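Undergrad: Mind folding the following:
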Amino acid sequence: MNLDFSNTDKKLIINGRFAANKTFKIALTTSRNILDPESKIERVSDAYVAIKNDEGKILEVLQEYNNLGLYVSTDSLKAYQGNTYHLEVTHPNWSGTVFTASSSAPEISNMSIIDTNHVFIDNAPALKVGVLIDDLHNLNDKYVFEVELKEKGVLAQLMIENPDEKDVKIFGDKMSPTRLFLGDANFNGSQKNLDFFTKQGIPNDTSQVAGKGITEIRMMNVSQELYNYYKSLEEYQLAQKTIGSGNSSAVRVFSNIKRSGVDNGLGIFAGYNVKSLTYTY
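TA: Next up is the predicted model:
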C-alpha cells in the first residue's frame, strides 16, 4: 500500500524565550509529520519577525542570522524587566496568517543568593544548593529552579531536602524532577530559604577532574507563559516515559502562540529573569 503524505501541511513552530537585559532571539522551524519517515524538521528563513511595545509600535524588525532560521535583535533592543513585549511573525508559506504572542520579563531581586556545597548522600557524592529568595512586593511571582550539566547539555534530576516543603510544586515525575516550581503566595515581599540536591554529574573525587565539569544552577522568576510551558514540559516528559504502561496520557506542550488571533499555534514566546551560579569541579 502506498501512502500519500503530500497533503500534510507543515506547521510553523516559534520558539523565543527572552531574558531581562538580553537581546531577543526567535527560532523558526517547521513541524514534521511523524507518520512520514521522510519528513524532517526544517529551519524557516525569509520570515518577517517584529517586536512591538504595548502601544503597537514596532521596536525592531529582527534580522535572520546566517540563514539559520534564527532571528536576532540588535544590542539596541533588550528586554527591560517589567515591560510587556509583543511578537508578530509572517511568512509567505503561511500566507494570510499572522502569528502573535505577548509576554514580559519579571523583576528579580539583587539580594537573592545561590550557594553550593559538595556533600555525600547515602555514600554518594551530591551537590547541595542553598537558595535565599528575596521576594519583591509583586504577588504571584513564580520561581523555577533548574541545574544544567553543561558538558552534557541536560538538566539534572533534583531532590528537595525538606520533603514537607509546602511552597514547592513538582510536576511530571515526582521521583526525579528536573525543575522545581515555587509561587510566592506564602512569602510575598519577604525572604524564603530553599535547599535541594542533585547527585548527577558529581564525581567521587573532584580533585581528579578539576576544571573539567561545569554545572549551572539557575533561579528564574518567570512569566506566567513560561511557567505554564515548563510545567507542561515536565508533564510531557513523564508521559513519554510511561508510553505503553497503561498509566500514560496525552500531554500537549503549552503554547501561547496565536494564529491570526486563535489559540492554536505551536511554540512559545515568554520572558524571564534569572540569577545563576556556575559550579566548576
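Undergrad: Regarding residue 93, what is its secondary structure?
TA: Following DSSP: H, G, I helix; E, B strand; the rest coil, the label given to residue 93 is helix.
Undergrad: Just give me the neighbour total for it.
TA: When neighbours are counted by other Cβ atoms under 10 Å, residue 93 registers 13. Using the backbone N, CA and C atoms, a C-beta is placed for each residue, glycine as well.
Undergrad: just use 372 as the starting number from now, easier for me
TA: Done: numbering now begins at 372, and the last item shifts to residue 464.
Undergrad: So it versus residue 478, what's the distance?
TA: Separation of residue 464 from residue 478 (Cβ to Cβ, to the nearest Å): 38 Å.
Undergrad: Residue 588 now?
TA: Going from residue 588 to residue 478 by Cβ to Cβ gives 20 Å.
Undergrad: Look at the two and report which has more neighbours.
TA: Legend: neighbour count by other Cβ under 10 Å for residue 588 and residue 478, higher for residue 588 (22 against 13).
Undergrad: Could you list the buried residues of the helix or strand containing the more buried one?
TA: Element membership of residue 588 [criterion: DSSP states H and E] is strand 585-593. Neighbour-count burial for strand 585-593, counted by 16 or more other Cβ atoms under 10 Å, picks out 586, 588, 589, 590, 591, 592, 593.
Undergrad: Return the per-residue confidence for the third one.
TA: Spelled out, it's residue 589. As predicted, residue 589 sits at a pLDDT of 97.
Undergrad: Check residue 532 too.
TA: 89.
Undergrad: Would you list the phi and psi of it?
TA: Main-chain torsions, residue 532, degrees, to the nearest 10: phi -70, psi -40.
Undergrad: okay but it is in contact with residue 566, surely?
TA: Yes: between residue 532 and residue 566 a contact is recorded at 4.0 Å, counting by Cβ atoms under 8 Å.
Undergrad: Give the intersection of the neighbour lists for those two.
TA: residue 499 (Cβ atoms under 8 Å, 6 or more residues apart in numbering).
Undergrad: if we look at stretch 399-417, which residues are touching it?
TA: So stretch 399-417 is in contact with 374, 376, 379, 381-386, 418, 420, 435, 438-442, 460, 462-464, 637, going by Cβ under 8 Å, 6+ apart.
Undergrad: Just the ones in helices from the residues you listed, please.
TA: Among these, the subset assigned to helices under DSSP state H is empty.
Undergrad: Determine the three-state secondary structure at residue 611.
TA: Put simply, residue 611 is helix when judged by three-state DSSP.
Undergrad: Give the burial count for it, as a bare number.
TA: Residues lying near residue 611 (other Cβ under 10 Å) number 11.
Undergrad: about what we covered before: got JSON lines for the buried residues of strand 585-593, with distance to residue 526 too?
TA: As requested, the buried residues of strand 585-593 are arranged in JSON lines below (distance: Cβ to Cβ, whole Å):
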{"residue": "586", "distance to residue 526": "11"}
{"residue": "588", "distance to residue 526": "11"}
{"residue": "589", "distance to residue 526": "10"}
{"residue": "590", "distance to residue 526": "14"}
{"residue": "591", "distance to residue 526": "13"}
{"residue": "592", "distance to residue 526": "18"}
{"residue": "593", "distance to residue 526": "15"}
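Undergrad: mind listing the helices in the protein by residue range?
TA: Under DSSP H, the chain gives helices at 595-612.
Undergrad: Any regions of it where pLDDT drops low?
TA: 372-379, 405-406, 572, 574-583, 613-621 (pLDDT under 70).
Undergrad: Kindly report the domain assignment for it.
TA: Segmentation of the chain into domains, based on automatic domain parsing, reads 383-475, 484-625+643-651.
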